[in-house]
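Engineer: generate a structure from the sequence data that follows.
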Amino acid sequence: MKSFVAEEYDVIVVGAGHAGCEAALSSARMGMKTLVVTITLDAVAMMPCNPSVGGTGKGHLVREIDALGGEMAINADKSSIQSKMLNTAKGPAVHSLRVQSDKQKYHTEMKKVMEKQENLDLKQAEATEIFVENGKINGIRTRTGAVYGAKAVILVTGTFLAGRIFIGDVSYESGPNDLRAATELSKSLRKNGIALRRFKTGTPARVNSASIDFSKMVQQHGDEDIVPFSFMNDYLDFQQVPCWLSYTNTKTHEVILGNINRSAMYGGEIEGPGPRYCPSIETKLVKFADKDRHQLFVEPEGLYTNEMYIQGMSTSLPEEVQVAFYRTIKGLEKAELMRPAYAIEYDCIDPTDLKPTLEYKKIGGLFFAGQINGSSGYEEAAAQGLMSGINAALMIKGEEPFIVDRSEAYIGVLIDDLVTKGTNEPYRIMTSRAEYRLVLRQDNADLRLTEKGWNLGLVTKERYERYLSKKTRVGAEIERLKSVKKKPGELNDFLENQDSAPAKNTLSLYDLLKRPELNYKALETIDSNRPELMPQVVTQVEVEVKYEGYIVKQKQQIERFKKLERKMLDPDIDYSRISGIRLEAKQKLNSIKPVSVGQASRISGVSPADISVLMIYLEQKRRKAKQNG
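Structural biologist: As a prediction, the model looks like this:
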């Protein structure tokens, strides 16, 4: 094929899904001349699976992306059709926002932002080859022969890379939604020494709403008080649409289990592992054989389409079997499938081959983000995309990389898990993965990260001023609550009405707010001079006061954690030469090359005893250097 030199860029982003959008926007906003190439412009910010943003753990990532100046939360607010805060019966550490999105609007609005962004070019093209010279990336070639030079390339290929769809015994090369797969790039990656493996994911059928009897299902409404995803929005007001709940039954299970040998997953056609926390309906029935029913949610894909997403019913069974088992479910007896469910297998890398910046260890300037790193989910992809774009820009500028650790953000947990521990299946973020989740709440993501985003040049002046205002108001209100004191005679009638123990001494409003049965709103009747505060500020005040003791303890734990993180390791250490470290640990340490003792301690196969030996080695080395110096 005849090639031609097209243009030079600072950063090239290959792919325009959720990772690609955030990578390109952060790079361009940091002043880099950026190119995005995507097989089709129809795939920009496409939602090929569920029509939602957020959820348990994932909502934290979205808030953090927003706090750093990313776009996902803003776009989710623009396209929301239902909003719900999850886990409200539990503590604030696990509260997670989830919204239903209008899929088409989400795509359209994000594409508009991309098209209008200064320093950013968006092109429909398939990258087929990367160019590496002297251990550094220097460009790509497209299917039409265009050669683009670059100082950094970010690969965010999602499930398009050598994608293959499976529906029963039918399989064919394809990306998600029957879009064309990227069939050539994998060869170029292998040629450059990048090892690839296969992972699998899937999606349920889409059913025509006109064929559904919703009267047989349980209606699921959004929250009455809508909480915005973006810290740039104080309030949102839109007409919410309902979702619907139904269940499988014994007849459904009979149809599925009677045809399970025809499932691509159970028939042996698929080699890659699937996501543990989003299993197919076949896997649910095999693993939980004692359950006589499984719930499913019927979710609208948008305001201007009849397509309904059947959450919880992912499958790779043949199309006719899908029709048969869907029609055994209450409300779906006459279901008309507009798109059949399918499984999709694709190429990805081992994320332990990456630095914490998401740069490939053996090729300078080559970054990876999203599902190609073995993760699953729009939110995980977007978070990695943002960080890869930031670090590509910083690398080109010759500045220090930007890394947030596990104590600073869920983004830090996500990336550290991937690059330190690796994953043998599509990785999903969860609140249980975060050791310091009481500090890493979604409500304080701006207080944790916006200053960092401002220093990077990603946060706008308006966003920064909003952050400063919130921080000031939270601090001022906490101090005011401490200063307003009430005598028992002023309190006890109120406390009795609130089923709260009577006061024996003078108490401040701060002391009262610490009581589990009282909240900020309830105190209004005895707090006549309170200022008018935005809901975000009230939430922050209430959480900080009520959980003060726990937060202080967690911050002490974080300081101990950071001591190990601050003990940096030379990337040139040959761990095989350190006597006392076990063979498995030596192999793992030499493979991953941790940047700190803290990271080393989290590597699978490295024991506390190995870390103790490593600490002694470092101390001996320090003393020797001091003597020689």
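Engineer: roughly how far does the residue sitting furthest away from the middle of the chain sit from Leu337?
Structural biologist: Most distant from the centre of the chain: Gly489, at 51.0 Å, with distances by C-alpha atoms, centre = their mean. Gly489 is 69 Å from Leu337, where distance means C-beta to C-beta, to the nearest Å. C-betas here are computed from N, CA, C, even on glycine.
Engineer: quick one: the helices in the stretch 301-450 of the chain?
Structural biologist: Ranges of helices within the stretch 301-450 of the chain are 319-326, 378-397, 410-416, 445-456, based on DSSP state H, counting those that start in this stretch.
Engineer: ugh, wrong one, the stretch 1-150 of the chain
Structural biologist: Counting by DSSP H, counting those that start in this stretch, the helices of the stretch 1-150 of the chain are 18-29, 58-67, 72-79, 103-116.
Engineer: just the stretch 151-300 of the chain next, same as before
Structural biologist: Using DSSP H, counting those that start in this stretch, helices in the stretch 151-300 of the chain cover 185-191, 250-258, 281-287.
Engineer: can I get the ones you listed in a markdown table with mean pLDDT, distance to Pro516 and mean neighbour count?
Structural biologist: Below are these laid out as a markdown table (pLDDT from 0 to 100; distance: least, C-beta to C-beta, whole Å; neighbours: other C-beta atoms under 10 Å):
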| stretch | mean pLDDT | distance to Pro516 | mean neighbour count |
| --- | --- | --- | --- |
| helix 185-191 | 98 | 55 | 17 |
| helix 250-258 | 96 | 43 | 17 |
| helix 281-287 | 90 | 37 | 18 |
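Engineer: so which of those gets nearest Pro571?
Structural biologist: helix 185-191 (23.3 Å; C-beta to C-beta).
Engineer: pull that closest one out as PDB, backbone CA atoms only.
Structural biologist: These are the backbone C-alpha positions of helix 185-191, laid out as PDB (Å, rounded to 0.1, in the frame of the first residue of the first chain):
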ATOM      1  CA  LEU A 185      -3.500  -3.200  14.700                       C
ATOM      2  CA  SER A 186      -3.000  -6.300  16.800                       C
ATOM      3  CA  LYS A 187      -0.400  -7.600  14.300                       C
ATOM      4  CA  SER A 188       1.600  -4.400  14.600                       C
ATOM      5  CA  LEU A 189       1.500  -4.500  18.400                       C
ATOM      6  CA  ARG A 190       2.700  -8.100  18.500                       C
ATOM      7  CA  LYS A 191       5.500  -7.200  15.900                       C
END
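Engineer: against which helices or strands is it packed?
Structural biologist: Other elements packing on helix 185-191 under the criterion 3 or more C-beta pairs under 8 Å, 6 or more residues apart in numbering; DSSP states H and E are strand 127-133.
Engineer: list the buried residues for the strand it packs on?
Structural biologist: For strand 127-133, the neighbour count (16 or more other C-beta atoms under 10 Å) marks 127-132 as buried.
Engineer: for the residue farthest from the centre of the chain, helix, strand, or coil?
Structural biologist: helix (DSSP: H, G, I helix; E, B strand; the rest coil).
Engineer: for it, give its distance to Lys482.
Structural biologist: Taking C-beta to C-beta, one finds Gly489 at 21 Å from Lys482.
Engineer: so Asn249 touches Arg293, yeah?
Structural biologist: Yes - with contact defined as C-beta atoms under 8 Å, Asn249 reaches Arg293; the gap is 5.7 Å.
Engineer: please name the nearest non-neighbouring residue to Ala195.
Structural biologist: Asp350 (6.3 Å; C-beta to C-beta, 6 or more residues apart in numbering).
Engineer: excluding chain neighbours, give the residue nearest to Ser314 in space.
Structural biologist: Gly202 is the one closest to Ser314 (C-beta to C-beta, 6+ apart), at 4.2 Å.
Engineer: let me fix that: Asp66
Structural biologist: Per C-beta to C-beta, 6+ apart, closest to Asp66 is Ala73, 3.6 Å.
Engineer: what's the burial count for the one you found?
Structural biologist: The burial count assigned to Ala73 is 28, neighbours taken as other C-beta atoms under 10 Å.
Engineer: same check on Glu307?
Structural biologist: Other residues close to Glu307 by other C-beta under 10 Å number 17.
Engineer: which ones are touching it?
Structural biologist: 206-209, 300-301, 338-339 (C-beta atoms under 8 Å, 6 or more residues apart in numbering).
Engineer: redo that, cut-off 7 Å
Structural biologist: If you count contacts by C-beta atoms under 7 Å, 6 or more residues apart in numbering, Glu307 has them with 206, 301, 338.
Engineer: which ones among those map onto strands?
Structural biologist: Applying DSSP state E to those, the entries found in strands are 206, 338.
Engineer: between the contacts of Glu307, which sits nearest Gly549?
Structural biologist: Closest to Gly549, out of all of the contacts of Glu307 and judged by C-beta to C-beta, is Glu301, at 45.2 Å.
Engineer: can you get me a residue count around the closest one?
Structural biologist: Count around Glu301 with other C-beta under 10 Å applied: 23.
Engineer: surely it and Ile310 touch.
Structural biologist: No - with contacts counted by C-beta atoms under 7 Å, Glu301 stays clear of Ile310, the gap being 10.8 Å.
Engineer: buried residues, stretch 518-531. List them.
Structural biologist: 518, 520, 522-523, 527.
Engineer: closest one to Leu358 out of those residues, please.
Structural biologist: For these, the nearest to Leu358 is Tyr520 (40.4 Å; C-beta to C-beta).
Engineer: quick one: contacts for the residue lying closest to that closest one once chain neighbours are set aside?
Structural biologist: Counting by C-beta to C-beta, 6+ apart, the nearest residue to Tyr520 once its immediate chain neighbours are dropped is Glu542, at 4.8 Å. Each residue near Glu542 by C-beta under 7 Å, 6+ apart is listed here: 513, 519-520.
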